[in-house]
Every structure is written in C-alpha cells, then in structure tokens.
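Participant: Attaching a predicted model along with its sequence, questions to come.
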Amino acid sequence: MKREKTFQVFLGSLAIGGRSSVSVESMGRVYPGRVDECLNEICAAAAAGSDCFRIAVPDEGALSGIIQLKKHSPLPLVADIHFSPIIALKAVEAGIDGIRVNPGTWKNRLQYQQLIERMKARNGVLRLGANTGSLPSHLQKKGRVEALLDSIIEMIEIPQKNDFHRIILSAKSTDINETIEIYERLADAFSYPLHVGLTEAGEGFEGIIKSTIALSTILQKGIGNNIRVSLTSPNPVLESQVAVQILQGVGLRQKGIEVISCPTCARTRGDVVSFVREIKEAVQMISSPFPIKLAIMGCEVNGPGEAKEADLGLAFGKSTALLFVQGKVVKTMHQQDALSELVKQLQLMVSNPMVK
Ligand code: SF4
C-alpha cells in the first residue's frame, strides 16, 4: 500500500510518521494521581498492542502522578490538557513526551507560545487535536469539516513561526464520512504525521464497526501514522485490541499473531468456537516481533486449504486435528492435545524466526 509521505517525529522512543509503521495509541480511564491503577492500565494496553498512551490531566493535583508514571511507564505518554496552559507547561517540565492541545479549548496565545518554546527546549511533541465536540466558538457557524481544518490552520501558525515541527495533527468527528473527508484534507494540506480516530464511536460492536469502517478506509488511502479507537469501555484493552485488528486487517501491522478461523457449520468436527476462544487467550501471552498468521478450521473440506496458507494451521477431523506448519502437515493428533501443541509451535516460531 502506497503511504502518504510525512515528516517523522519521535514521541519518546516511538517513531511516528516517515517510514515508520502505523502505531496504536490508547487512553487511560483512571485519574493519573492513582498511579498504581494508572500504571496497570498502561501495562495492560501495552500487552494488548498499544504503542503509546494518552492520559487526561484534568487538574494540577494529577501532575505528581505524571512524574511517577513517566518514571515507570513502558509506553511513551501524551498528556491531554484542556483549558489550562499552566498545567500543560508543568507537564512538559515533568518530562511528558507529548501534549495534546485542542484548538477549541486553548484561548491564550501568549501561553501557547510559551508552551511551544518549552516543548522545543525539551524535545516534546505537540499533538494539535481538533474535535467536532469542542470546535472554537468563532468557527462554529462553518461546516464541521471546514471548522476542523480552520482550527488546525489557526493553531499551527505559532509553532511554525517558532520553527517547531515536532507536530502530529488530528481532527476527529463522530461522523464516519466527515472523518474520512477531514483526513483527506489534512493529508493534502500538511506533511505532519496524522493521528487518526473517530471520536465518541460508542460502545460494543457498534463502536467497533464504526471505527473499523472509518479507520480502515482512511488507512487504505495511505493516510494515517498513529491510530486510536475510542470505545465506551471500562479500560483501554478492548480499544487497543480493536486497533491492532484494524491494522492487521489492512496489512499494516508487521508484528503480532493474527488468528483466523472458520465460522463453523454443520460439517464442523469438534468444538471450534471454544477452541478459538482458548487459543486467542493463550496467544495474548505470546508477543511476536514479526507477523504470524494462525488458522483454525473446523473440517477437512476447506480446512487443509486455508490452514496451508497460514504460518501455522489446524484443521479439525473426526476427533483428530491436523497440524500444518508453513503449509506442510507435521502432525496428526487428538483434538484434546491440539491447544498445547499449537502454543508450543507458536513459541518455537517466535523464538526462532527461521522456522517461519
Ligand atoms: Fe464448515 Fe469446514 Fe468451512 Fe469450517 S472450514 S465453515 S467446518 S466447511
């Protein structure tokens, strides 16, 4: 897939834009002052595939937590700060990797200028993130896409005048078509990396489907360098998993284990549904630095053909299971032994890429 060319910026150690892979951001639910809980969220998001993590910093009391989180977080951190440039300046001094600034909630240009100067001195990244829910009041009479774009154009002037270019842009709408249009226009107008998301996508399958349509369409146009799926859920694990699935689905995740499985039918030879659930749980504990495709198929009709195409495959037979490695049958076993054997083969593949 041909990707739009952008500058590259480093959010901590994470490269975003340029030739780097499209990365995943997720966002905390917990107040950052509750450091241990917040750290648990970050670690869970990292295990689910997130590459960076955003934290809302609603007041000055949260800043002591930011200092602690910065010391222990396995992921680069972005502070999401509205209405208070003072808190943003303090978060930069606390060593945060990036600050998300919403054009709709920043009024004071002088303090914005000060923020840019401090970020320039401390190698921070500015994410200018507009949102249809908080458009600047003077732009609200315009169409939403125009207003999003204009709000970015107005706010990008000060960093550019200060020769500050560690910038990531985003402009999110709740509407799928608006979101696609605004990202096309951002990609045409700017060469900064784009953080892509559909805002307030909702809960459960509704949110997942809307996010998948919007993000995969934008990504398939070659646009986007970092993504977030915004789901109503109690923690950031599901949104991280969905974002990873979207990237795997459009062929942009060059690491991790992808499980494909048949829908099952009257020919199914065994409890494929339970097996797939169990293997997906087991796979979460195995991190692969390269992509591995694992196929679970319910019978010997389409099973062997599909399983052969994957790096590792399993096709169920009558109380047995055929194991394929790189398209070759390597073992026939009892179905009850298949889970442990598959996990063993995956671990072998991850520790020895030559097998793959
Ligand atoms: Fe049915 Fe076999 Fe296809 Fe699975 S692979 S849906 S069991 S025909």
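Facilitator: Okay, I see it.

Participant: Show me which helix or strand of this protein is least confident by mean pLDDT.
Facilitator: Least confident element among the helices and strands of the chain, by mean pLDDT, DSSP states H and E: helix 303-309 (a mean of 73).

Participant: strand partners of the helix or strand following that one, parallel vs antiparallel please.
Facilitator: Downstream of helix 303-309, the first helix or strand assigned by DSSP states H and E is strand 312-316. Here strand 312-316 is paired, per DSSP bridges, with strand 291-297 (parallel), strand 320-325 (antiparallel).

Participant: of all the ones you listed, which lies closest to the ligand?
Facilitator: The ligand lies closest to strand 291-297 among those, at 4.5 Å (CB to the nearest ligand atom). For the C-beta atoms, the positions are set from N, CA and C on the backbone; glycine is no exception.

Participant: Convert the C-alpha atoms of the closest one to PDB, please.
Facilitator: Backbone C-alpha positions of strand 291-297 (Å, rounded to 0.1, in the frame of the first residue of the first chain) are rendered in PDB as follows:
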ATOM      1  CA  PRO A 291       3.600 -11.200  11.900                       C
ATOM      2  CA  ILE A 292       2.400 -14.800  12.300                       C
ATOM      3  CA  LYS A 293      -0.900 -16.000  10.800                       C
ATOM      4  CA  LEU A 294      -2.600 -18.800  12.600                       C
ATOM      5  CA  ALA A 295      -5.600 -20.500  11.000                       C
ATOM      6  CA  ILE A 296      -8.200 -22.700  12.900                       C
ATOM      7  CA  MET A 297     -10.500 -24.600  10.600                       C
END
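
Participant: Just the buried residues of that strand, please?
Facilitator: Judged by neighbour count (16 or more other CB atoms under 10 Å), strand 291-297 contains these buried residues: Ile292, Leu294, Ala295, Ile296, Met297.

Participant: I'd like the average pLDDT over it.
Facilitator: Mean per-residue pLDDT for strand 291-297: 93.

Participant: which one of the buried residues of strand 291-297 is nearest Ala47?
Facilitator: Closest approach between the buried residues of strand 291-297 and Ala47, by CB to CB: Ile292, at 16.8 Å.

Participant: and the least confident helix or strand of the chain, how far out from the chain's middle?
Facilitator: Put simply, helix 303-309 sits 30 Å off its chain's centre (CA atoms, centre = their mean, to the nearest Å).

Participant: Same check on stretch 54-68?
Facilitator: How far stretch 54-68 lies from its chain's middle: 22 Å, per CA atoms, centre = their mean.

Participant: Please list the outside residues in contact with it.
Facilitator: 25-28, 31-35, 38, 69, 77-81, 84, 86-87, 90-91, 94-96, 100, 228 (CB atoms under 8 Å, 6 or more residues apart in numbering).

Participant: just the buried members of these?
Facilitator: Neighbour-count burial (16+ other CB under 10 Å) is assigned, among the contacts of stretch 54-68, to 25-28, 31-33, 35, 38, 69, 77-81, 84, 87, 90-91, 94, 96, 100, 228.

Participant: how far away is the closest residue to Gln284 other than its chain neighbours from the ligand?
Facilitator: In this structure, Gln284 finds its nearest non-sequential neighbour in Ala47, 6.9 Å apart by CB to CB, 6 or more residues apart in numbering. Separation of Ala47 from the ligand (CB to the nearest ligand atom, to the nearest Å): 30 Å.

Participant: give me phi/psi at Ala47?
Facilitator: phi -60, psi -30 (degrees, to the nearest 10).

Participant: For the protein, give me the ranges with low pLDDT.
Facilitator: Counting by pLDDT under 70, the chain shows low-confidence ranges at 303, 353-356.

Participant: near the ligand, which residues of it?
Facilitator: With the criterion set to CB under 6 Å from any ligand atom, the chain comes near the ligand through Cys262, Pro263, Thr264, Cys265, Arg267, Thr268, Met297, Gly298, Cys299, Val301, Asn302, Gly303.

Participant: Would you format those as CSV with secondary structure and distance to Ile209 included?
Facilitator: Converted to CSV, those look like this (DSSP: H, G, I helix; E, B strand; the rest coil; distance: CB to CB, whole Å):
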residue, secondary structure, distance to Ile209
Cys262, coil, 21
Pro263, coil, 17
Thr264, coil, 22
Cys265, coil, 24
Arg267, coil, 29
Thr268, coil, 26
Met297, strand, 25
Gly298, coil, 25
Cys299, coil, 29
Val301, coil, 30
Asn302, coil, 26
Gly303, helix, 28
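
Participant: Now restrict the residues you listed to buried residues only.
Facilitator: The neighbour-count test (16+ other CB under 10 Å) applied to the residues of the chain next to the ligand identifies Cys262, Thr264, Thr268, Met297, Gly298, Cys299, Gly303 as buried.

Participant: Give me the nearest residue to the fifth one, chain neighbours excluded.
Facilitator: The shortest distance from Gly298 to any non-neighbouring residue, by CB to CB, 6+ apart, is to Thr268 (3.7 Å).

Participant: Name all residues that make contact with that neighbour.
Facilitator: Cys262, Gly298, Cys299, Phe316.

Participant: ok, 10 Å please
Facilitator: Cys262, Met297, Gly298, Cys299, Gly303, Phe316 (CB atoms under 10 Å, 6 or more residues apart in numbering).

Participant: Save the residues you listed as TSV, and put in distance to Phe10 too.
Facilitator: Shown next, in TSV, are the contacts of Thr268 (distance: CB to CB, whole Å):
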residue	distance to Phe10
Cys262	42
Met297	42
Gly298	46
Cys299	49
Gly303	45
Phe316	47
